[in-house]
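Student: Pasting a predicted model and its sequence here:
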Amino acid sequence: EVQLQASGGGLVQAGGSLRLSCAASGFTFDDYTIGWFRQAPGKEREGITCIGSDGIWYADSVKGRFTISSDNAKNTVYLQMNSLKPEDTAVYYCAFAPSFTSRSSDYPYWGQGTQVTVSS
């Protein structure tokens, strides 16, 4: 069974940085994608980036500020978040999909969320 563990959230001032980690285990797929999503209070879940064998995708809202990377030896995907803004405040989730996709409905496995709060 695929399991995902997200960590690294916290409280940071606007303009600051955070790095989230997503440790994945329990899969044997040769082709897969790890995506990061976020959900702010009262808003729908938003896909912000994903990484897979087909490449990397970023939402316009985070392009140029966030960087996704992977350490295959550790089965861990990182999300480096720079120049954080108050509107980045949300619960951040990582998810696993067996193909390259940015649609949350295509991700059958989800980790627990980690809270990111950006103060102004």
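Tutor: That came in fine, so what should we check first? Numbers count the residues shown, from 1 in each chain.
Student: and the residue nearest the centre of the chain, helix, strand or coil?
Tutor: Centroid check for the chain by CA atoms, centre = their mean gives residue 36 as the closest residue, at 2.2 Å. Three-state call for residue 36 (DSSP: H, G, I helix; E, B strand; the rest coil): strand.
Student: For the remainder of this discussion, apply numbering that starts at 648.
Tutor: With 648 as the first residue, the last one maps to residue 683.
Student: my guess is it meets residue 667, correct?
Tutor: Yes - contact criterion CB atoms under 8 Å: residue 683 and residue 667 qualify, at 7.2 Å. No exception for glycine: its C-beta is placed from N, CA and C like everyone else's.
Student: Find the residues that touch each one of those two.
Tutor: 726, 739, 741 (CB atoms under 8 Å, 6 or more residues apart in numbering).
Student: Please enumerate residues in contact with stretch 738-745?
Tutor: 649, 651, 653, 656, 667, 669, 671, 674, 676, 678-687, 692, 697, 699, 724, 726, 751, 753-763.
Student: Retrieve the pLDDT associated with the residue nearest to residue 723 when sequence neighbours are not counted.
Tutor: Nearest non-adjacent residue to residue 723, counting by CB to CB, 6 or more residues apart in numbering: residue 670, 5.0 Å away. For residue 670, the pLDDT comes out at 95.
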